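Participant: quick one, fold the following:
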Amino acid sequence: MTFGARFVKWGHGLFLFGIFVTFGIVAHCCVGARWPTGEASFVAVYFGGAILMFVTVQRALDNIPAETN
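Facilitator: Predicted coordinates for the structure are as follows:
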């Protein structure tokens, strides 16, 4: 039961984090559209956000102690 609860907790956290990162990228591109920005700027911000999310999740998962039975 504890494992399932932790799984649901992480699922909710990752979902909310993904929503936050996605809307952050979209908002950044909408604000940046007022000035001439190129496609390279969008790609850099998009992949930068994806890499940031991946590294954050990887570090958080590494901090979960392994259970020994």
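Participant: show me where the protein has its helices.
Facilitator: Secondary structure of the chain, counting by DSSP state H: helices at 2-32, 39-62.
Participant: list the residues that contact Ile25.
Facilitator: If you count contacts by CB atoms under 8 Å, 6 or more residues apart in numbering, Ile25 has them with Val45, Tyr46, Gly49. For the C-beta atoms, the positions are set from N, CA and C on the backbone; glycine is no exception.
Participant: quick check: mean pLDDT of stretch 5-18?
Facilitator: The average pLDDT within stretch 5-18 is 80.
Participant: just how off-centre is that stretch within its chain?
Facilitator: 11 Å (CA atoms, centre = their mean, to the nearest Å).
Participant: what's that stretch in contact with?
Facilitator: Met53, Thr56, Val57, Ile64.
Participant: just give me the closest of the contacts of Ile25 to Val21.
Facilitator: Distance ranking of those against Val21, using CB to CB, places Gly49 first at 5.0 Å.
Participant: neighbours of that closest one, how many?
Facilitator: Gly49: 17 surrounding residues under other CB atoms under 10 Å.
Participant: can you check Met53 too?
Facilitator: Counted with other CB under 10 Å, Met53 comes out at 16.
Participant: is it true that it touches Phe20?
Facilitator: No: between Met53 and Phe20 there is no contact under CB atoms under 8 Å: 9.4 Å.
Participant: how much space between the residue nearest to Thr22 when sequence neighbours are not counted and Phe17?
Facilitator: Nearest-residue entry for Thr22: Gly49, 7.9 Å, with adjacent residues in sequence omitted and distances by CB to CB, 6 or more residues apart in numbering. The spacing between Gly49 and Phe17, counted by CB to CB, to the nearest Å, is 11 Å.
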